[in-house]
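J.: Need coordinates for the below:
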Amino acid sequence: MMKLWLWVFTISLVSRIGAVPNAVPTERISGSAGDVLEDNPIGRLKVGLVLYSDLCTCDLTPNGLPLPFKSPRMMRSAIQLISSNWPYWNRTEGADHFFVVPHDFGACFHYQEEKAIDRGILPLLQRATLVQTFGQKHHVCLNQGSITIPPYCPPQKMKSHLIPPETPRSIFVYFRGLFYDVNNDPEGGYYARGARAAVWENFKNNALFDISTDHPTTYYEDMQRAIFCLCPLGWAPWSPRLVEAVVFGCIPVIIADDIVLPFADAIPWDEIGVFVDEKDVPNLDTILTSIPPDTILRKQRLLANPSMKRAMMFPQPAQSGDAFHQILNGLARKLVQDGRIYLKPGERILNWTAGPVGDLKPCVSATGRHNGNLKTAAGLGQTQTGTCNAIQLHSNSEAYISSSALIFICSLISHLCSLSSAVPLPSIPPSLARMASISKLSTPISAPSPFSSRNSRSSLSSNSFIAFRPSSDSCLNLFASRLSVRRSSHLTGSLVVKCSQGDGNGIPTKRTVLHDLYEKEGQSPWYDNLCRPVTDLLPLISKGVRGVTSNPAIFQKAISSSNAYNDQFRELVQSGKDIESAYWELVVKDIQDACKLFEPIYDQTDAGDGYVSVEVSPKLADDTEGTVESAKWLHKVVSRPNVYIKIPATAACIPSIRDTIANGISVNVTLIFSVARYEAVIDAYLDGLEASGLSDLSRVTSVASFFVSRVDSLIDKLLEKIGTPEALDLRGKAAVAQAALAYQLYQKKFSGPRWEALVKKGAKKQRLLWASTSVKNPAYLDTLYVGPLIGPDTVSTMPDQALEAFIDHGTVSRTIDSNVSEAEGIYSALEKLGISWSEVGNQLEVEGVDSFKKSFDSLLNTLQDKANSLKSASSH
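T.: Prediction:
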């Protein structure tokens with residue numbers, strides 16, 4: 001019997017609904033205090049919620065929403081009012097009541113908490129349960145046993161701002177709000193403890209951070225385009241920002257020490273969010289960019305779970321597992337409180353002197369009369385017909401429960417006061433007031449998403465996204481990205497990632513010519529570079545990059561000039577790895593991480609694009625069998641479907657290419673410098689497909705990396721030696737001309753009966769990849785080896801220089817076969833001048849292999865020096 005007394009206004013209301021079906025509504029404008037401070041209450045927060053005063057024990061806000069600065073006075077006045085009118089309050093001095101309080105520090109206005117403490121607010125918190133929208137561990141004004149709920153966000157309003165699920169995310173870090181200069185805003189500074197100011201001071205000019213005090217009309221849409229949303233403590237402490245982040249799938253970055261977050265039983269905050277200590281705010285960029293892609297994807301996958309969004313929202317009608325449901329769960333868990341609930345004989349703890357009632361006024365029903373048909377509570381004496389309504393708890397109970405709401409959180413009140421009189425809450429049994437029934441609700445039950453119309457489209461219903469804004473890192477200083485994650489209908493299934501190439505839907509980052517390059521002309525732009533952290537690739541993905549190539553020279557530069565590899569290398573050395581083995585583990589880690597980033601494109605294109613290339617040891621350029629074994633090993637250890645094993649097109653390795661393809665391994669054939677060698681490469685690919693014995697060849701693909709700028713560099717020197725006007729006029733033309741002829745060969749070889757037979761088994765063409773696209777001669781146009789080589793079913797891999805130039809002023813049109821006759825003329829003219837294409841190709845091949853060998857040896861020497869330094873340091 002006494003346990004039932006703990007049940008409060010919530011239960012009273014639900015059990016009472018059927019008795020007052022014709023209650024007259026009274027309109028209220030309500031919302032969170034932070035919202036009121038931020039906007040005109042009669043503006044966008046005019047939600048027009050209906051409050052049924054006849055169903056409320058006591059509405060303490062008849063004249064509208066009081067602001068937080070009144071809360072100490074109002075809390076005291078509320079206790080005085082209720083304890084005066086309902087003697088059974090005094091039985092437990094509030095232990096069987098709950099307060100819905102402002103989203104501030106419980107009963108205290110935080111900026112004036114000292115005054116609140118002096119006035120005797122704290123003793124109340126030792127008894128009554130507070131339903132509040134903010135909690136902080138060990139704070140003097142907060143009851144650790146109370147229930148923290150999410151701030152209210154209008155479900156319909158949020159739904160109306162949803163953007164297409166496939167919209168990519170191009171913002172790395174997003175925040176809109178005040179930064180609280182302590183000198184100009186002492187109250188805000190008191191709340192924020194310098195965290196927001198530190199964010200602004202450290203990152204206002206950081207291209208990764210889209211932060212501002214402006215609050216654009218596209219605020220909701222922008223959050224749906226961000227990967228991380230900052231949630232630093234502030235006025236209370238962050239208004240609805242935390243809710244918005246979760247609902248819109250933006251990973252919340254929680255900067256608030258000792259925070260108590262809503263509904264920890266339903267929402268795994270540690271797994272979906274990122275917690276940053278206030279003292280670590282200056283390192284925020286490093287912290288976020290160092291998060292592994294797999295971790296980001298895992299958080300996005302969890303955020304895609306509709307139950308996460310549902311638990312943060314107050315939809316109408318109510319749904320099982322929504323925020324109101326979570327509140328009931330929390331209250332149910334507080335039913336059993338041992339003997340602590342009730343006062344011992346002679347005990348009294350509310351030793352405070354009530355001040356003036358202030359703004360509180362008695363509430364009356366809409367008919368203008370009191371509704372006070374109260375009965376006698378067992379053992380409590382005669383209840384009084386007061387100025388607010390008390391509601392019968394349950395027909396099986398002899399007790400009456402009353403409650404006050406210092407500030408109505410409009411979502412909670414809308415649930416409590418606008419439910420249909422005859423329909424119970426979803427999944428909540430009609431015997432709601434019975435303790436045993438309610439206790440069963442401690443584990444939320446699955447139910448449709450609050451935005452069910454969005455989630456009913458297909459099995460790819462819940463979408464979350466990964467992407468980053470521009471980075472100024474030394475490895476990359478270009479652009480923003482978008483990478484969307486879509487999940488299967490069952491969250492336990494494998495995660496599918498999709499890269500969108502949409503038009504950006506109004507996001508700050510503009511589409512680039514790289515998108516047009518792929519979408520209009522069928523050429524895939526790739527990036528010819530790789531370094532740690534590989535998340536630096538994400539800005540390029542947003543700009544249209546669809547794959548990555550690497551080579552020993554790239555890794556030599558990355559590992560030798562960066563400290564990002566030191567920790568892993570140290571562990572490898574300490575574990576006893578030799579230098580070359582350690583090198584390969586460093587490389588494999590980078591390739592695996594990069595493959596994960598491009599896997600969305602691979603999936604979207606059905607294995608047609610989104611590849612990352614890693615090269616076998618250059619020492620094997622003349623070792624046919626060794627190359628095949630190395631390719632098998634690399635393919636196995638990387639273990640990613642979208643990895644290309646790079647094999648040089650040396651005479652010794654042509655058979656290696658065939659055998660590797662025959663083993664079902666996708667290959668990037670590199671160091672092709674002549675049309676003749678290219679034809680041998682195509683034949684090796686076709687031979688390998690035919691020898692594979694596979695009935696489905698769709699997952700065995702290849703590209704042929706045809707080098708261009710190096711061709712001009714060598715031939716230009718030969719032309720300058722010849723020195724005639726005719727010779728000099730051909731400078732800078734050889735590479736593009738030969739590439740155009742290579743494309744003609746491509747079209748010829750991938751047609752006809754032999755090829756058609758392979759197509760029936762799912763075979764894909766071995767695309768031409770234009771490599772070495774950066775201009776070596778500063779007198780040449782910086783897009784010389786990109787713009788003239790545009791054509792369908794090709795790839796252009798570009799280092800930073802070429803990529804920046806083409807994005808900045810490149811034009812997109814099919815050019816590769818626009819003037820084949822001119823290319824043929826240039827090719828023949830060079831031959832007439834005595835230039836042998838075969839000799840040029842052989843020389844460049846030897847130089848290329850030697851260059852990679854030198855880079856490889858140099859890197860191993862650098863790693864050996866590092867290992868020696870580590871050993872020397874450990875010995876001392």
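
J.: Quick check: Arg176 vs Cys229, distance?
T.: Separation of Arg176 from Cys229 (CB to CB, to the nearest Å) stands at 10 Å. The way it works is simple: take the backbone N, C-alpha and C, and place the C-beta from them, glycine included.

J.: the more surrounded of these two?
T.: Cys229 (26 against 17; other CB atoms under 10 Å).

J.: What separation do you get for that one and Phe275?
T.: For Cys229, the distance to Phe275 - CB to CB - is 14 Å.

J.: can you check Ser858 too?
T.: 42 Å.

J.: quick one: contacts of stretch 748-768?
T.: 524, 607-608, 669, 679, 681-683, 685-686, 689-690, 694-698, 700-704, 706, 739, 742-743, 746, 793-795 (CB atoms under 8 Å, 6 or more residues apart in numbering).

J.: Can you flag the buried ones in these?
T.: By neighbour count, with 16 or more other CB atoms under 10 Å, the contacts of stretch 748-768 hold 524, 607-608, 669, 681-682, 685-686, 689-690, 694, 697, 700-704, 706, 739, 742-743, 746, 793-795 as buried.

J.: So which of the residues you listed sit within strands?
T.: Here DSSP state E is the test, and the buried ones among the contacts of stretch 748-768 give 524, 669, 702-704, 706, 794-795 as lying in strands.

J.: Using PDB, write out the CA atom coordinates for stretch 738-757.
T.: Taking C-alpha atoms only, stretch 738-757 is exported to PDB below (Å, rounded to 0.1, in the frame of the first residue of the first chain):
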ATOM      1  CA  GLN A 738      50.700   7.800 -77.500                       C
ATOM      2  CA  ALA A 739      47.900   7.700 -74.800                       C
ATOM      3  CA  ALA A 740      45.300   8.400 -77.500                       C
ATOM      4  CA  LEU A 741      46.600   5.500 -79.500                       C
ATOM      5  CA  ALA A 742      46.600   3.200 -76.500                       C
ATOM      6  CA  TYR A 743      42.900   4.000 -76.000                       C
ATOM      7  CA  GLN A 744      42.300   2.900 -79.600                       C
ATOM      8  CA  LEU A 745      44.000  -0.400 -78.800                       C
ATOM      9  CA  TYR A 746      41.800  -0.700 -75.700                       C
ATOM     10  CA  GLN A 747      38.600  -0.300 -77.700                       C
ATOM     11  CA  LYS A 748      39.800  -2.900 -80.300                       C
ATOM     12  CA  LYS A 749      41.000  -5.500 -77.800                       C
ATOM     13  CA  PHE A 750      37.900  -5.400 -75.600                       C
ATOM     14  CA  SER A 751      35.500  -6.200 -78.400                       C
ATOM     15  CA  GLY A 752      34.900  -9.200 -80.600                       C
ATOM     16  CA  PRO A 753      34.100 -12.800 -80.000                       C
ATOM     17  CA  ARG A 754      36.800 -13.600 -77.500                       C
ATOM     18  CA  TRP A 755      35.800 -10.700 -75.200                       C
ATOM     19  CA  GLU A 756      32.100 -11.300 -75.600                       C
ATOM     20  CA  ALA A 757      32.500 -14.900 -74.400                       C
END
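
J.: That one - what's its average pLDDT?
T.: Stretch 738-757 comes out with an average pLDDT of 97.

J.: now the nearest residue to Arg196 once chain neighbours are set aside: how far from Asn283?
T.: Using CB to CB, 6 or more residues apart in numbering and skipping the chain neighbours, the partner closest in space to Arg196 is Phe179 (4.5 Å). Going from Phe179 to Asn283 by CB to CB gives 18 Å.

J.: More neighbours: which of these two?
T.: With neighbours defined as other CB under 10 Å, Phe179 and Asn283 compare such that Phe179 has more, 22 against 13.

J.: Identify the residues contacting the more buried one.
T.: Under the contact definition (CB under 8 Å, 6+ apart), the residues listed for Phe179 are 192, 196-197, 199-200, 213.

J.: Tell me how many other residues crowd Asn861.
T.: With other CB under 10 Å as criterion, Asn861 counts 12.

J.: again with Ala829
T.: 17.

J.: Hmm, it is touching Thr724, no?
T.: No - counting by CB atoms under 8 Å, Ala829 does not reach Thr724; the two are 11.4 Å apart.

J.: I'd like to know which elements the top helix by length along the chain is packed against.
T.: Longest helix of the chain, by residue count under DSSP state H: helix 837-875. On a contact count with 3 or more CB pairs under 8 Å, 6 or more residues apart in numbering; DSSP states H and E, helix 837-875 meets helix 552-560, helix 566-574, helix 579-604, strand 643-648, strand 667-672, helix 675-692, helix 709-722, helix 820-832.

J.: what sits up against the fourth one?
T.: Counting by CB under 8 Å, 6+ apart, strand 643-648 makes contact with 549-551, 591, 595, 611-616, 618, 621, 627, 631, 634-635, 653, 656-657, 660, 665-671, 702-703, 705, 845, 848-849, all of which sit outside it.

J.: Which strands or helices does the helix or strand following it pack on?
T.: Sequence-wise, the next helix or strand downstream of strand 643-648 (DSSP states H and E) is helix 654-662. Packing contacts for helix 654-662, counted by 3+ CB pairs under 8 Å, 6+ apart, involve helix 624-638, strand 643-648, strand 667-672, helix 675-692.

J.: on that earlier part again, point out the most buried one among the helices and strands packed on helix 837-875.
T.: strand 667-672 (a mean of 28; mean count of other CB atoms under 10 Å).

J.: and that strand, which strands flank it?
T.: Looking at strand 667-672 with DSSP bridges, its partner strands are strand 643-648 (parallel), strand 702-707 (parallel).

J.: CA atoms only: put the first one into CSV for me.
T.: Only the C-alpha atoms of strand 643-648 are listed here, as CSV (Å, rounded to 0.1, in the frame of the first residue of the first chain):
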residue,chain,number,x,y,z
VAL,A,643,42.3,-3.9,-53.1
TYR,A,644,44.4,-3.9,-56.3
ILE,A,645,47.7,-5.6,-56.2
LYS,A,646,50.1,-3.6,-58.3
ILE,A,647,52.5,-5.6,-60.5
PRO,A,648,55.0,-3.9,-62.8
